[in-house]
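Dropping a prediction and its sequence here:
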Amino acid sequence: MKALGTANPAGRLVDASAPSYRWWVLAVTSVGALMASLTSGTLVIALPDILRDLKTDIFSLLWIVVGYTLVATVLVLNAGRVADMFGRARSYTLGFVIFTLASIACAFAPNAQQLILWRLVQGVGGALLMANATALVTDAFPRMELGRALGINSMVVGAGAIMGPILGGWLTSFGWRAIFWFNVPIGLVGALAAALILVEQSHRDRHVEIDWIGSILYFVGLMGLMTALAFGGVYGWTTWWVIGGILGFVVALPIFLWVELHHHAPLLDLTLFQDRLFAMGNLTGFLNAIARNGVLFLLVFYFQGARGEDPVTAGIMLAPLAIGLVVLSPISGILADRYGSRALATGGMVITAIGLLGLATLGTDTPYWQVALWQLIVGAGSGIFNSPNTSAVMGVVPPNKRGVGAGMRMMLMQSGFVVSIALAIGLVTSSMDPKVMVAIFSGSQIGGQGISLAPFMNALHIAFLAGVGFSALGAVVSMMRGEHRSYEGDTSRVVAESGSAR
C-alpha cells in the first residue's frame, strides 16, 4: 500500500513507497511494544518495594498497577478516533512523548497518590500508542504477510515480558524509581524514530467527533466492577462503596450500549461486531486476557512472599512465562497467514488452560522445574493464540476504520486485564487476614515464618482455576468465529481453514 501524498515527505528518512518501509514501521511499533511490556514487568516485580517504601496499602497498590490500564482502556477508542482525524503517525509519536514525560514524573513521585496520578497520565500516552500500533502495521503490510508481522510484534512483547521482571529485579536494587527512569531513553528513541520514519498511509477524517458521554459511562462501569471485585472480600460485599461499584457497573453498562446505538458518532462502532469473525475474535481476546493476565501478578507475590526469593531471583524464575510467547508467536503468525486463525487461536486457549490447571497445583515447596514447566505451557498457549487472533480481527476491518477497530480490540483486551487483576486481588484478599496479606505482598513476610500460608496458597489455586474456566470458555467462543477472511479494497477474500483460497 502506498502512502498518501508524496512517497517521501520532507524530513522523513525512509521512502514510504519502498518495499522496506513496512519493516521500518514494524521496527518503530516494536519499540513501543517493547517499552510497554518492559514497563509492565519491571513495575510488577518492584511492587513489594513500592509498598514498603511509600508505606501504602493494597488499595493504592491496585491503582498503581491498574490505574494506568484503566485510563488507557477508556481512552484507547478515543485515541483511535483522534488518530483517524489527525493521523496515526502523529498520534503514535505523541503517545511516546506523553508516556516518557509521565515516566519522569513517576520517578520523582514523593508518595503513592502522586505516583497514581502520573501513572494515570502514562495511561493517556499508552492509549495513543496502543490504538495506533496495530493499525500502522495493518496499513503497511499486505494481508498475506500481516500474521507474520504481528507475530514478530508479539515476539518483541514476549521478549520484553522475559526481560521485564529480570531487569526490574536488577533496577530495584538501585531503588524502585529506577524502573521509571529506564523508560526515558527508550521513549526518546521511539519518539524520534516515529517522527522521522512514519508516514500517513490512510485518509484522515476531519469530521470525527469524540463521544464523551460514552467514555464517561464506560469509565464508571469498568471502575465500579474493578473496585467491587478487588475489595468486596476485604471490606465486605455490603460496604456502601462496594455496592456502589456493583450498581455503577450494572446501571452504566446498558446505558452505555444504548448511547452507542443511538449516538451519531459512537465511541464503540457496534456495526463492526456485525462481522462474526471480528466479534468472536474480540470476545476470545477478552476472555484470554481475563484468564492469563493475573498470572504474572500472582506469581510475583508467590515467589517473593511465599517462597522468600529476592527480586532478581524472582524475576529470573518468571522468565518461562514469556519464553513460549517469544518462540511461538512468529511461528503461529506465519501459520495463520497460510491456514487461518480458528484452529490456532482455539488451540492456544486450550493449551493456556492446561498450563493454568498445572499452576493450580502449586505448593510452597513445589520443585521449581514444575513451576517453570507450567509457566512455559501458559506462555506457549499465549504465543499460539495472540498473532492469529489479532491478524484475524484486524484483517476484516476496512482501512478507513482501522484506527477505531484497533482501539476496540485493545479496549477489550485491556478491559480483560483490569478484570483479571481485580479478580486475582479479590480472590486472595477474601480468603485471608488483610495484615498477613499485606505482609506477604510487601515481602516483609518471608516464607511461612510464624503464619500459615495455606489460605494464601488456596486463594492462588482458586484464581488459577478461574483462569482455566475463562480459557475453556474462550476456546468454545473461538470455534464459533467462522473461516479466516481478509478485507482487500472493496472485496473480501476468504481463506479456508485448510489453507486454500476460495
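Yep, it's here.

only C-alpha atoms for contact and neighbour calcs from this point on.
Noted.

Please report the distance of L376 from A135.
Per CA to CA, to the nearest Å, L376 is found 30 Å from A135.

The two: who's more crowded?
Higher neighbour count among L376 and A135: A135, with 25 against 22, using other CA atoms under 10 Å.

Touching, the more buried one and R402? I think so.
Yes - contact criterion CA atoms under 8 Å: A135 and R402 qualify, at 5.5 Å.

what are the ranges of the helices in the stretch 201-350 of the chain?
212-235, 240-262, 276-301, 311-317, 320-339, 342-359 (DSSP state H, counting those that start in this stretch).

and for the second one, what are the contacting residues?
Contacts of helix 240-262 from elsewhere in the structure, counted by CA atoms under 8 Å, 6 or more residues apart in numbering, are 213-214, 217-218, 220-228, 231-232, 236-237, 266-270.

re the thing from before, I'd like to know which of the helices of the stretch 201-350 of the chain lies nearest to L117.
helix 212-235 (15.5 Å; CA to CA).

hang on, the earlier thing: next, show the common contact partners of A135 and R402.
M394.

I'd like to know how many residues surround L94.
Using other CA under 10 Å, L94 has 19 other residues around it.

ok, now which ones touch it?
The contact partners of L94, by CA under 8 Å, 6+ apart, come to 125, 128, 191.

Would you mind confirming that G363 makes contact with N458?
No - using CA under 8 Å as the test, G363 is too far from N458 to be in contact (9.2 Å).

Pick out the residue closest to the middle of this protein.
By CA atoms, centre = their mean, the mean C-alpha position of the chain lies nearest to Q414, the distance being 5.1 Å.

looking at it, it is touching V71, isn't it?
No - using CA under 8 Å, Q414 makes no contact with V71, being 9.7 Å away.

For T364, give me phi and psi.
Main-chain torsions, T364, degrees, to the nearest 10: phi -70, psi -20.

do you know how far it is from F99?
Distance of T364 to F99, computed by CA to CA: 38 Å.

Same drill for the two, tell me which one is more crowded.
Higher neighbour count among T364 and F99: F99, with 29 against 15, using other CA under 10 Å.

Helix or strand: which one has the more buried one?
Using DSSP states H and E, F99 falls within helix 88-108.

which strands and helices sit next to the next helix or strand after that helix?
Counting by DSSP H and E, the next helix or strand C-terminal to helix 88-108 is helix 112-140. Other helices and strands packing on helix 112-140, by 3 or more CA pairs under 8 Å, 6 or more residues apart in numbering; DSSP states H and E, are helix 21-53, helix 58-86, helix 88-108, helix 143-172, helix 368-395, helix 402-429.

which one of these lies closest to V300?
Closest to V300 of the helices and strands packed on helix 112-140, according to CA to CA: helix 21-53, at 6.3 Å.

Can you give the distance of that closest one from its chain's centre?
Here helix 21-53 shows a centroid-to-chain-centroid distance of 11 Å under the convention CA atoms, centre = their mean, to the nearest Å.

Out of the helices and strands in the protein, which is least certain?
The weakest-scoring helix or strand in the chain, judged by mean pLDDT, DSSP states H and E, is strand 491-495 (a mean of 42).

re the thing from before, tell me which of the helices of the stretch 201-350 of the chain approaches I116 most closely.
Of all the helices of the stretch 201-350 of the chain, helix 212-235 comes closest under CA to CA, at 14.7 Å.

That closest one vs helix 402-429, what angle?
Counting by axes from the mean of the first three to the mean of the last three CA atoms, to 10 degrees, helix 212-235 lies at 10 degrees to helix 402-429.

For helix 212-235, name the packing helices and strands.
In terms of contacts (3+ CA pairs under 8 Å, 6+ apart), helix 212-235 is packed against helix 58-86, helix 240-262, helix 402-429.

If we use 6 Å, what do you get?
Under the contact definition 3 or more CA pairs under 6 Å, 6 or more residues apart in numbering; DSSP states H and E, helix 212-235 sits against helix 240-262, helix 402-429.

For the last one, name the packing helices and strands.
Spelled out, that is helix 402-429. Helices and strands touching helix 402-429, by 3+ CA pairs under 6 Å, 6+ apart, are helix 58-86, helix 112-140, helix 212-235, helix 276-301, helix 454-479.

Of these, which is nearest L26?
Among the helices and strands packed on helix 402-429, helix 112-140 comes nearest to L26, with 6.2 Å by CA to CA.

That closest one: how far from the chain's middle?
Its chain's C-alpha centre and that of helix 112-140 lie 11 Å apart, by CA atoms, centre = their mean.

What residues sit buried inside that helix?
Burial within helix 112-140, assessed by neighbour count using 16 or more other CA atoms under 10 Å, is assigned to 112, 115-140.

next one: stretch 405-420
Buried, per 16+ other CA under 10 Å, within stretch 405-420: 405-420.

circling back to that earlier point, with distance to A195 added, can I get the helices and strands packed on helix 212-235 in TSV?
Formatted as TSV, those follow (distance: least, CA to CA, whole Å):
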stretch	distance to A195
helix 240-262	34
helix 402-429	19
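
Which of those helices sits closest to V396?
Shortest distance between V396 and these, using CA to CA, is found for helix 402-429: 9.3 Å.

any idea how far the closest one is from the chain center?
The answer for helix 402-429 is 7 Å, by CA atoms, centre = their mean.

now that helix and helix 454-479, what's the angle there?
Using the same axes, to 10 degrees, the direction of helix 402-429 lies 150 degrees away from that of helix 454-479.

Dump the helices and strands packed on helix 112-140 to CSV, plus mean pLDDT.
Below are those laid out as CSV (pLDDT from 0 to 100):
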stretch, mean pLDDT
helix 21-53, 82
helix 58-86, 78
helix 88-108, 92
helix 143-172, 76
helix 368-395, 88
helix 402-429, 78
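
The ones you listed: which one's closest to A289?
Across the helices and strands packed on helix 112-140, A289 has its closest neighbour in helix 402-429 (4.8 Å, CA to CA).

Hmm, the residue nearest to the centre of the chain is touching T73, no?
Yes - using CA atoms under 6 Å, Q414 makes contact with T73 at a distance of 5.5 Å.

before we move on, the earlier item: what about the helices and strands packed on helix 402-429, which gets the closest to V350?
Taking CA to CA, helix 454-479 is the member of the helices and strands packed on helix 402-429 nearest to V350, at 6.3 Å.

Now T239. Its backbone dihedrals?
Per-residue torsions, T239: phi -60, psi 140 (degrees, to the nearest 10).

nearest residue to it other than its sequence neighbours?
G232 (7.7 Å; CA to CA, 6 or more residues apart in numbering).

what do you get for L412?
F286 (5.4 Å).

in terms of contact, does the one you found touch M413 like I think?
Yes - contact status for F286 versus M413: in contact at 4.9 Å, counting by CA under 6 Å.

where's the dip in pLDDT among the contacts of L94?
Sorting these by pLDDT puts L128 at the bottom of the list (86).
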